[in-house]
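J.: the sequence and its predicted three-dimensional model are supplied below.
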Amino acid sequence: MKILICVKQVPEITDVKINPETGTLIREGVDSILNPFCEYAVECGLDLRRHYSDIEIVAISMGPPQARAALMRCLEMGADRAILLADRKFAGSDTWATAFTLAEAIRAMEDDFDIILVGKQAIDGDTAQVGPELAEILGIPQIMYAVGVELTGNKKKIRVKREIETGNEIVEVKLPGLVSLSKGPMIRSVSSFKEILDARKKELRVITASDLNIDENVFGLKGSFTQVVKIFPPRVKKKGEVIDGSEAGGAAEKLVGFLRERNFI
Amino acid sequence: MHKIITEIVPTVDFKGVRCIKGYNKICQDYSPYLSDESKLAHQGAEYLFFPTNEGELSAVFREMAKKGIKVTISGARTGLVGGAVPYGGAIVSLEKFDKILGLRYDSNLKEWLVRAECGVSLRDLNNWAMKKIFPGLSESGSAETKAFLERYKEIKTTYFYPPDPTEMGAALGGTASTNASGARTYKYGATRNWVRFIRVMLASGEVLEIPRGKYFATLAGEFTITDSNGNETIVTIPSYTMPSTKNAAGIFSAPNMDLIDLFIGSEGNFGAITEVETALQKWDKPVSIVQFFPSDDKAIDFVISLRKEKGIRPEFIEFYSSHALDLLRKKQKEDPKVVGMPPIPDYAKSAIFFDIRFDPETKDNDYPKLEKIVSKCGSTLARSWAGYEQRDLERFKNFRHVLPETVNSIIADRKKRIPELYKLGTDLAVPDQALEEIWAFYKSTLEETGLEWVAFGHIGNNHIHINIIPGSLTEMQAGLSIYNEFAKKAVALGGTVSAEHGIGKIKKEFLSIMFSDKELEEMKAVKIALDPGLLINPGNVLDIATDLHRCPQIG
């Protein structure tokens, strides 16, 4: 079984300062880290490997050459190998172009995957779009906001506990599929010095645009259709009223009363 | 040269210095100025001054001397031995001395130097040095300073200020006065090693400007200080030999010593250090490692082997005893976030925490010598925690810091039941060859008593903190007696009764274990020569009869 984990390097948020004139992040002198939600995805992959044998974990990222550091963190945590999509031609990619490039690389090199794990969003852009777009492009099912993942007995399906507004739900889908993680361990894991040293002996392959053999107009800035104009939190929906349906007659009576009160009926 | 002349600073009107008056007012509204990290009970103060420059400080000293009011100097109050806790009289806070004054490269010393007022915190100093941003210096500095600042920004090397007494809120002046040390002393030495220049205001209100390497004691061990009236004072340094270990007990003394060293580590007894110039060190990327071992003894074997291995130069070597790890495990169950680390593995019966150079971007990271030593001591590199990202370095440092904090919280809790209880924390160090012997002595003595205890700290300098956590007054008395025995043993082995905390007001009785009556008298003679009115820091280090509570009215 093969698990692909798509990750992103982000600036460490506690240190981020905004340029008051341009409204953009000041990245100079700011440490870069593996996006915490991506780290949850790696933890999830490692957890699956602890429970089920014969799982290969491959970490993939698209970013500048320094994004190697984020992939190195994945290797230290326990990923078997890593792929970095790094090319100036990828610069300026929006979420769609990023997902498209990742999908092309996966099709070209890791087509035999079973599961793709991603973080629910990156803490710098907060778009939460690359994961779902990647699933759409690859034509596989997606389950967002996972808090727990396990395989079914025959390893043909994945069972995911996911967060929804009213609590959690369990969803099961056939593999291959994509899962985004929104929770991980309360305390970040720590690697041993041996793991840190060994990680540097693992394969970390750098892929450029020419390796993918696709039209240059479909990735990077040229392939990007969107632009982030403003970021704001979604409006919180008011908490609805749940009517206990265990006693049908009473529930119907309550529902009718509710609708009449508001002149719906 | 052994002769130095004092400098008069421009006088200002004493009445213009900000002052809070009245015992009750200070107790009610300014109580933080009455204590420090020792939590020693204060005896109040009648005045609290906030001078903003040397002129104002001089005016305060002169007025207090005229009125016979004793002065306790207050910095960031991070000391552990009550140095800033007032025993009556006046408190002079130097917190307004918070400006950066200069940056330069000394081509003779081949080092970058930062000059700042005494109230600047080590945290700020380090942030400025590492991020290469010195607030206000590019506007207020001289043309020469501005040129140096530009040059400093352009070079790719990162620099930092190595002394790290754990509490980075400590003030630069305070750390110079106390010769603060800490974990990194193992590689970089204590504050003394980094101070290149000071300005110190004497009790007379006049200033000594002392660059390192200019004023040295005569063969007879004397310095001559001439004041603005032409009066000469001869200061005779003590005749004793300092221990070869890390040490914070007693006035520094050495043949042909530099005058600057008399003031560094004097715990503010001879004057107030107002400006400090320190050297910066090139910063190499490190990896923090917590290496677990199957027993305390194996961890100590590892330290001894690691120190011998010249190819590996850790910045610090810190110890967690078996009991210390147990205490942290318990804390992890109560509140995992406070410890901030995954569960400590069951196989870990002790640990050594150290930093070594590590370039995460280099492929050829190989540490065969380290691997060999670890394996010889019954462990493997797989049985470790390691991290090199800045957030991990801070996280590991917190893991070290959380241990004494946990002990403190246990004591604070027990104090609610028995207010007289306090933590018994040793600060003893011995020479390298005595590490195994002192550890065996600590362990066998403590295990016999059945007292609750943990051991941790700067084992690289053979400076293990034993913390006895008494549950009753009987246990506390037993602990005190043991502490005394430990101090005697450390001195007998050529060590010190205080390696880093200093003596202050709460460890004075230990001085007589380390120094003879004659030697103590020699220290007192230095104090009397430099501060004949015994104006500054009453009750600190040396007991010289004074009338502390007399406090006449001032205008």
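T.: Yep, that arrived.
J.: so what's the residue positioned nearest the centre of chain B closest to, chain neighbours aside?
T.: What sits nearest the mean C-alpha location of chain B, by C-alpha atoms, centre = their mean, is B:Ala180, with 2.4 Å. Leaving out its chain neighbours, the residue that sits closest to B:Ala180 by C-beta to C-beta, 6 or more residues apart in numbering or on different chains is B:Pro165, at 4.2 Å. Where you see a C-beta, it was placed from the backbone N, CA and C, and this is true even at glycine.
J.: look up how far chain A lies from the one you found.
T.: 24 Å (C-beta to the nearest C-beta, to the nearest Å).
J.: and B:Pro470, by the same measure?
T.: 32 Å.
J.: then B:Glu37?
T.: Taking C-beta to the nearest C-beta as the measure, B:Glu37 falls 26 Å from chain A.
J.: how many residues are close by A:Gly250?
T.: A:Gly250 has 12 neighbouring residues, counting by other C-beta atoms under 10 Å in any protein chain shown.
J.: grab the nearest non-local neighbour of A:Tyr147.
T.: Just so we're on the same page, residue A:147 is Val rather than Tyr. A:Val147 sits nearest to A:Lys183 (C-beta to C-beta, 6+ apart), 4.4 Å away.
J.: can you check B:Ser305 too?
T.: Leaving aside its sequence neighbours, B:Ser305 sits nearest to B:Ile373 (C-beta to C-beta, 6+ apart; 4.5 Å).
J.: show me what contacts the one you found?
T.: B:302, B:305-306, B:309 (C-beta atoms under 8 Å, 6 or more residues apart in numbering or on different chains).
J.: pLDDT at the residue in the stretch 1-150 of chain B positioned nearest to chain A, what is it?
T.: Closest to chain A within the stretch 1-150 of chain B is B:Lys131: 5.9 Å, counting by C-beta to the nearest C-beta. As predicted, B:Lys131 sits at a pLDDT of 90.
J.: state the distance from it to B:Gly89.
T.: 40 Å (C-beta to C-beta, to the nearest Å).
J.: of these two, who's got more company?
T.: Using other C-beta under 10 Å, the more surrounded residue of B:Lys131 and B:Gly89 is B:Gly89, with 25 against 11.
J.: what's the burial count for the closest residue to the more buried one other than its chain neighbours?
T.: Closest residue to B:Gly89 apart from its sequence neighbours, by C-beta to C-beta, 6+ apart: B:Lys70 at 3.6 Å. Number of residues near B:Lys70 (other C-beta under 10 Å) recorded here: 25.
J.: could you point out the helix or strand that follows the helix or strand of chain B with the lowest mean pLDDT?
T.: Using mean pLDDT, DSSP states H and E, helix B:137-140 stands out as the lowest-scoring helix or strand of chain B, at a mean of 84. The helix or strand immediately downstream of helix B:137-140 is helix B:143-154, counting by DSSP states H and E.
J.: now do that next one: everything it contacts.
T.: By C-beta under 8 Å, 6+ apart, the surrounding residues in contact with helix B:143-154 are B:102-105, B:112, B:132, B:134, B:137-138, B:141.
J.: at 6 Å what do you get?
T.: The contact list for helix B:143-154 (C-beta atoms under 6 Å, 6 or more residues apart in numbering or on different chains) reads B:102-104, B:132, B:137-138.
J.: the residue lying closest to B:Ser204 once chain neighbours are set aside and chain A, how far apart?
T.: Computed as C-beta to C-beta, 6+ apart, the closest residue to B:Ser204 that is not its neighbour in sequence is B:Asp227, at 6.2 Å. Distance, B:Asp227 to chain A, using C-beta to the nearest C-beta: 48 Å.
J.: pLDDT score for the residue in the stretch 1-150 of chain A that chain B sits nearest to?
T.: Distance from chain B to each residue of the stretch 1-150 of chain A (C-beta to the nearest C-beta) is smallest for A:Asp31, at 5.0 Å. Per-residue confidence (pLDDT) for A:Asp31: 84.
J.: so what's the residue nearest to B:Pro163 when sequence neighbours are not counted up against?
T.: Nearest residue to B:Pro163 in three dimensions, chain neighbours excluded: B:Thr191, at 4.7 Å (C-beta to C-beta, 6+ apart). By C-beta under 6 Å, 6+ apart, the residues touching B:Thr191 are B:163, B:175-176, B:179-180.
J.: apply 8 Å and report the result again.
T.: Contacts for B:Thr191 (C-beta under 8 Å, 6+ apart) come out as B:163, B:175-176, B:178-181, B:264.
J.: can you list the low-confidence ranges for the stretch 101-250 of chain A?
T.: Across the stretch 101-250 of chain A, the ranges flagged by pLDDT under 70 are A:231-233.
J.: what ranges do the helices span in it?
T.: A:130-138, A:193-199, A:209-212, A:248-261 (DSSP state H, counting those that start in this stretch).
J.: relative to B:Gly378, which of those is closest?
T.: Closest of those to B:Gly378 is helix A:193-199, at 15.6 Å (criterion: C-beta to C-beta).
J.: just the CA atoms of the closest one, as CSV, please.
T.: Taking Å, rounded to 0.1, in the frame of the first residue of the first chain, the C-alpha atoms of helix A:193-199 are listed here in CSV:
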residue,chain,number,x,y,z
PHE,A,193,18.8,12.1,16.7
LYS,A,194,19.1,8.9,14.8
GLU,A,195,15.9,9.6,12.8
ILE,A,196,17.3,13.1,12.1
LEU,A,197,20.5,11.7,10.8
ASP,A,198,18.9,8.9,8.9
ALA,A,199,16.4,11.2,7.2
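J.: can you list the domain ranges for the chain.
T.: Looking at chain A here, since you left the chain open. Using automatic domain parsing, the domain parsing of chain A gives A:2-218, A:235-265.
J.: sorry, should have said chain B
T.: If you go by automatic domain parsing, chain B breaks into B:3-96, B:100-282, B:286-492.
J.: for B:Lys505, which of those domains is the nearest?
T.: Closest approach to B:Lys505 among these (C-beta to C-beta): domain B:3-96, 3.8 Å.
J.: what is the mean pLDDT for that closest one?
T.: Here the average pLDDT along domain B:3-96 is 95.
J.: distance from the chain centre to that domain, please.
T.: Distance, stretch centre to chain centre, for domain B:3-96: 20 Å (C-alpha atoms, centre = their mean, to the nearest Å).
J.: first-to-last residue distance for it?
T.: Start-to-end span of domain B:3-96 (C-alpha to C-alpha, to the nearest Å) is 31 Å.
J.: related to what we said a few turns ago, of all the domains of chain B, which lies closest to A:Gly177?
T.: domain B:286-492 (29.4 Å).
J.: measure the closest one end to end?
T.: 37 Å.
J.: what of stretch A:134-151?
T.: First-to-last residue span, stretch A:134-151, C-alpha to C-alpha: 21 Å.
J.: what does it contact?
T.: With C-beta under 8 Å, 6+ apart, stretch A:134-151 has contacts from A:6, A:44, A:47-48, A:51-52, A:99-100, A:102-103, A:106-107, A:116-118, A:120, A:128, A:131-132, A:157-164, A:168, A:171, A:173-174, A:176-183.
J.: check which element follows the helix or strand hosting the residue nearest to B:Ser305 along the chain.
T.: Assigned by DSSP H and E, B:Ile373 belongs to helix B:368-376. As assigned by DSSP H and E, the chain's next helix or strand after helix B:368-376 is strand B:384-387.
J.: no more questions from me, cheers.
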